[in-house]
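Participant: need a structure here:
(chains A and B)
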Amino acid sequence: MADGFNTSSRTKVEAGLARRRRKEHLFRAFGMAATMVGVFFLVAFFWTLLGQGSSAFVQTFVDLEVEFSEEILAPNGELDLAYADFDGVARAALRKKFPDVSGRNDRRALYRLISVGAGYQIREAIEGDSDLLGSTQIMTVPAAANVDMLMKENIDRSVSEDRRPLSDQQIAWVDALIADDSLSTRFNSALFTNGDSREPELAGVRGALMGSFYMLLITIALSFPLGAAAAIYLEEFAPKNRWADLIEVNINNLAAVPSIVFGLLGLAVFINWMGIPRSAPLVGGLVLSLLTLPVIIIAARAAIKAVPPSIREAALGVGASRIQVVFHHVLPLAMPGMLTGTIIGMSRALGESAPLLMIGMVAFIVDVPTSLSDPATALPVQIYLWADSPERAFAERTSAAIIVLLGFLLVMNLAAVIMRRKVERQW
Amino acid sequence: MQNLRPLDEYRRMRDPAGSNRSHQSPTVISSSLGNQEERTIEAEMENTGAVGGTTDSNIDAASETLGNVRCSDPYIIAENIDVFYGDNHAIKDVTLEVAKNQVVALIGPSGCGKSTFLRCLNRMNDSIDSARVTGKITLDGQDIYSKSLDPVALRARVGMVFQKPNPFPKSIYDNVAYGPRIHGLANDRAELDDIVHTSLERAGLLKEVKNRLDDPGTGLSGGQQQRLCIARTIAVDPEVILMDEPCSALDPIATAKIEDLMDELSENYAIVIVTHSMQQAARVSRRVAYFHLGKLIEVDETDKIFTNPSHKLTEDYVTGRIG
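Facilitator: The predicted structure follows:
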């Protein structure tokens, strides 16, 4: 009897083996294919991003022999930093380089080779050292974005003149500058030190970066303690009844609510009702906190649930109170999971742009915010704004801003990994 | 009656169930961190429900517990205890007395309510929302379910050792020092050191871990972990120790060590132990209580239960016909 049973089940098992193996191979192949597709798109993404964005990290500059002429800067004998004609100094320097350019239109075309930033730079120089007045200095000023594009071969010399932003004459001047070694390519520090600008060569992500930073500061300061407290209460203290179920369903729903709805809520509550200034990182941070709270609560609850009940019983058994059980035993074990959830929430918050459109953070803001209530934009909004700009030079800056955003994300996640390592127990 | 063996024979037998279970990983706790660990209490609840649904002609709902539920100089008195998990009547009208310096073993088939009863004695059932306890339990004359008594204070007096060794994921030292720390039993570090050393000594673990008190408690073997849990319990200096199948995850050698330990501890503590092993009950206990489907069928001196039980169900169980 036992023998018969054994033989028949053995043959049955063996008969099925080939099918089982086939299934496994099929599944593995499918999994590998899925991974390959993912990797392919990732590589394609980084390839285009780096290909288009890396050139924005360098910028073309022009060496000019600038004469800080008293005639132009201080016609009344006194230098007025607010009204002095710094542009005129830069233009004079350019005219000196091309003395045979005459006529209003030609001159105007010539002036367009350098950035309006040249004037600011001259002003800053003289502000720092007023002895410069009357002297002549070699200054390196940013070239106009179109010159930069020509140097980076983003403007095709072969297309007809009326279809390109630089005229033949301007290209000839640029070539002349190249010939006498006045053009140089340097690291584009403006990208990191300036706020937004209408001139691509002066536009930077610092304003957006600071805006995002302030917002995340508020978001983490609000949503982590609130989310953790809510999760602890719901898991460890709240009675498990119909109300608890209702709350759970609602939290899960909130996590899936489109973010623009949170933006509208923020507009109604924080700006219209509470009167917090619009475009401020404070409002943005509050809205993003609302957005990330459900994510953090869900992750934290899962982490708390995963702590074995035997640990709780052990602590209760030696006479720990419930709050001691939570803080001495459950939280330390749940902390890595809670941190992971928080980082996922923060990453989502960093990448959100839709709710920020609703609360006025999509504005063109040149100043770098220095406090929580200054008007600001955020990195994803900056990307959106630049992607919308017609100038060719903004295209590469869009990619550069995406690279900066990814870098920000990477730093944040690295910090999270390090923090996780610290709180994670080795046993 | 001819199936009954002399008590000595029970005591000599090595627990077959114990050795069968020894292949179970004793490090379940550490490996199941962050994993779903089955909630033993809830499993028990379901068992009780499943068994409770069937009718058993052998027990009469109104029948009295046979033997002698009373004892001289009782320390814990449980009177007419009923426990409900929601609609499920898990413990039915149980009355039992436990004296100091005595080991009482609770035996019975799975899901009979013995663990549930044990957990009433330190109000561990409080942590289950659906559990409701009626009746009266006094500890040294004090009603432990009275509103004025904080379960925290109660659990400092009634320690508990669980089925699976469950050391905290902390160092050996911190495991033992945790109770004294939260209750403020030591005034300074030296006193705490002293408590930790004494507790480990009395749990018979000091020799093995003396030089690695800072190592994680979860790195010990299963038997050592369980003794660590016992040391953790006695560090709070309780009056009663409850043990819920403390050896079911241990091999016979570790089991023998824990049983010796129980013998020694019974000199100072009242011990109530739940066990599935009749041999263990015979070896360590003075009195035995037999539970069946939530009812306490019979309580008597250990000798009496194993050699001359009064109830047919008790006899069937101790001779291995049910359970």
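
Participant: who in chain A is up against chain B?
Facilitator: Within chain A, the residues that sit near chain B (C-beta under 8 Å from any C-beta of the partner chain) are A:239-240, A:306-321, A:324, A:328-329, A:332-333, A:337, A:425-427. Where C-beta positions appear, they are placed from N, C-alpha and C, glycine not excepted.

Participant: what residues does stretch B:204-219 touch?
Facilitator: Residues from elsewhere that reach stretch B:204-219 (C-beta atoms under 8 Å, 6 or more residues apart in numbering or on different chains): A:426-427, B:27, B:29-30, B:167-175, B:196-197, B:200, B:220, B:224-225, B:227-228, B:231, B:257, B:260-261.

Participant: Write a PyMOL command that selects only the buried members of those residues.
Facilitator: Those of the contacts of stretch B:204-219 that count as buried under 16 or more other C-beta atoms under 10 Å in any protein chain shown are selected in PyMOL with:
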select buried, chain B and resi 27+29+30+167+168+169+170+171+172+173+174+175+196+197+200+220+224+225+227+228+231+257+261
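
Participant: filter the residues of chain A next to chain B to the buried ones?
Facilitator: Neighbour-count burial (16+ other C-beta under 10 Å) is assigned, among the residues of chain A next to chain B, to A:306-321, A:324, A:328-329, A:332-333, A:337.

Participant: where does residue B:291 land in three-state SS?
Facilitator: Following DSSP: H, G, I helix; E, B strand; the rest coil, residue B:291 is assigned to strand.

Participant: same check, this time on residue B:137
Facilitator: Residue B:137 - assigned by three-state DSSP - is strand.

Participant: so residue A:164 makes contact with residue A:155?
Facilitator: Yes - with contact defined as C-beta atoms under 8 Å, residue A:164 reaches residue A:155; the gap is 5.8 Å.

Participant: Please tell me how far the residue most central in space within chain B sits from residue A:266.
Facilitator: The residue lying closest to the centre of chain B (C-alpha atoms, centre = their mean) is residue B:243, at 2.3 Å. Per C-beta to C-beta, to the nearest Å, residue B:243 is found 57 Å from residue A:266.

Participant: now the strands: where do they sit in the stretch 151-300 of chain B?
Facilitator: B:158-161, B:240-244, B:270-274, B:287-292, B:295-301 (DSSP state E, counting those that start in this stretch).

Participant: Looking at those strands, which is nearest to chain A?
Facilitator: Of all the strands of the stretch 151-300 of chain B, the one in closest proximity to chain A, counting by C-beta to the nearest C-beta, is strand B:158-161 (3.9 Å).

Participant: elements contacting the closest one?
Facilitator: The contact analysis (3 or more C-beta pairs under 8 Å, 6 or more residues apart in numbering or on different chains; DSSP states H and E) places strand B:158-161 against helix A:309-317, helix B:222-234, strand B:240-244.

Participant: To which secondary structure element type does residue A:105 belong?
Facilitator: Using three-state DSSP, the structure places residue A:105 in helix.

Participant: same thing with residue B:104?
Facilitator: The three-state label given to residue B:104 by three-state DSSP is strand.

Participant: Just list the residues touching it, thanks.
Facilitator: Listed by C-beta under 8 Å, 6+ apart, the contact partners of residue B:104 are B:96, B:98, B:270, B:271, B:272, B:273, B:285, B:286, B:287, B:288, B:289.

Participant: pLDDT weak spots in chain B?
Facilitator: Low-confidence segments of chain B, defined by pLDDT under 70: B:1-63, B:322-323.

Participant: that older thread, ok, now which ones touch the residue nearest to the centre of chain B?
Facilitator: Residue B:243 touches B:160, B:161, B:262, B:271, B:272, B:273, B:274, counting by C-beta under 8 Å, 6+ apart.

Participant: What count of nearby residues applies to the third one?
Facilitator: Read that as residue B:262. Neighbourhood size, residue B:262 [other C-beta atoms under 10 Å in any protein chain shown]: 24.

Participant: That one contacts residue B:284, doesn't it?
Facilitator: Yes - with contact defined as C-beta under 8 Å, residue B:262 and residue B:284 form a contacting pair (4.9 Å).

Participant: any shared contact partners between the two?
Facilitator: Common neighbours of residue B:262 and residue B:284 (criterion: C-beta under 8 Å, 6+ apart): B:103, B:273.

Participant: Can you list the low-confidence ranges for the stretch 201-350 of chain A?
Facilitator: Looking at the stretch 201-350 of chain A by pLDDT under 70, you get an empty list.

Participant: What ranges does it have for its helices?
Facilitator: Remark: helices assigned in the stretch 201-350 of chain A by DSSP state H, counting those that start in this stretch are A:206-232, A:242-255, A:259-266, A:281-305, A:309-317, A:322-324, A:331-351.

Participant: what do you get for the stretch 151-300 of chain B?
Facilitator: Under DSSP H, counting those that start in this stretch, the stretch 151-300 of chain B gives helices at B:151-157, B:172-183, B:189-202, B:206-209, B:222-234, B:252-265, B:278-284.

Participant: picking up where we left off before, can you put the helices of the stretch 201-350 of chain A in TSV and add distance to residue B:307?
Facilitator: Below are the helices of the stretch 201-350 of chain A laid out as TSV (distance: least, C-beta to C-beta, whole Å):
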stretch	distance to residue B:307
helix A:206-232	54
helix A:242-255	52
helix A:259-266	74
helix A:281-305	49
helix A:309-317	35
helix A:322-324	46
helix A:331-351	48
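
Participant: Compare these and give me the one nearest residue A:120.
Facilitator: With C-beta to C-beta as the criterion, residue A:120 lies closest to helix A:206-232 of those, at 15.4 Å.
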